[in-house]
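> here's a sequence, model it:
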Amino acid sequence: MSSLIKAYQNVLQRRPLITSAVSSFTLFAAGDVIAQQVVEKNGIKGHDWVRTTRLGLYGGLIFTPVVVPWYRIIDKVKFASRPASIAAKVALDQFIFAPFAVGLFFTATTLMEGKSLDDVKAKLHKSYTSTVKANWMLFIPFQTINMGFVPLQHRLLAVNVISLFWNTYLSLASAADS
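Model (predicted):
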């Protein structure tokens, strides 16, 4: 396992955006597979592979290019004390970026389904607030650990790993009434 981690770190160092995008694609898609197979119990024949691909593409091509620079920006936040720096980073991440990211997710995935802006508005009206609140319950504690102890170059991977469950939730929220 350690050789796999070393190989990942090597590739991440040489090609950070591409490596992060592939990781995000994989884990967003995996979250949808879990949603469809474990929660919805669709079975292989009933599995919507277009939906899985759409969520993977969102993770790799939309989310990653937005979140990687965001993490670089908030990593520059420094205060005299380490706890204050961590608290500020988490507050910025969760009260500025997270609400934006949830809106981006519902907007992008609804449009990727070929739906209209009115459909986007309806999806946001129905799911946005509850999803942001659910995000805070998971990610405020997690990001406190992530921002405090995980090196910058590994934060997105850490988020993606914990997000396997979050992506399952997002997949279900996105698929509701689709």
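
> show me the contacts for residue 17.
64, 65, 68 (CB atoms under 8 Å, 6 or more residues apart in numbering). Yep, even glycine has a C-beta here, placed from its N, CA and C like the rest.

> likewise residue 34?
Residue 34 touches 164, 165, 167, 168, 171, counting by CB under 8 Å, 6+ apart.

> that older thread, for PyMOL, write a command that selects the buried ones of the contacts of residue 17.
Here is the PyMOL command that selects the buried residues among those (16 or more other CB atoms under 10 Å):
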select buried, resi 64+68
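
> returning to what we had before: please indicate which of the contacts of residue 34 are buried?
167, 168, 171.

> in helices, which of those residues appear?
In this view, the buried ones among the contacts of residue 34 that belong to helices under DSSP state H are 167, 168, 171.

> check what pLDDT the last one gets.
Residue 171 is assigned a predicted lDDT (pLDDT) of 81.

> distance to residue 5 and secondary structure added to the contacts of residue 17, as a markdown table?
As requested, the contacts of residue 17 are exported to a markdown table (distance: CB to CB, whole Å; DSSP: H, G, I helix; E, B strand; the rest coil):
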| residue | distance to residue 5 | secondary structure |
| --- | --- | --- |
| 64 | 20 | helix |
| 65 | 24 | helix |
| 68 | 20 | helix |
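
> from the contacts of residue 17, which is closest to residue 155?
Using CB to CB, residue 68 comes nearest to residue 155 of these, at 9.3 Å.

> which other helices and strands contact the helix ranked longest in the chain?
Criterion DSSP H: the longest helix present in the chain is helix 117-149. The contact analysis (3 or more CB pairs under 8 Å, 6 or more residues apart in numbering; DSSP states H and E) places helix 117-149 against helix 82-92, helix 98-112, helix 152-175.

> wait, isn't residue 126 in contact with residue 176?
Yes: using CB atoms under 8 Å, residue 126 is in contact with residue 176, at 7.5 Å.

> between the two, who's got more neighbours?
Set residue 126 next to residue 176 and count neighbours by other CB atoms under 10 Å: residue 126 wins out with 14 against 10.

> from residue 151, how far out is the more buried one?
38 Å (CB to CB, to the nearest Å).
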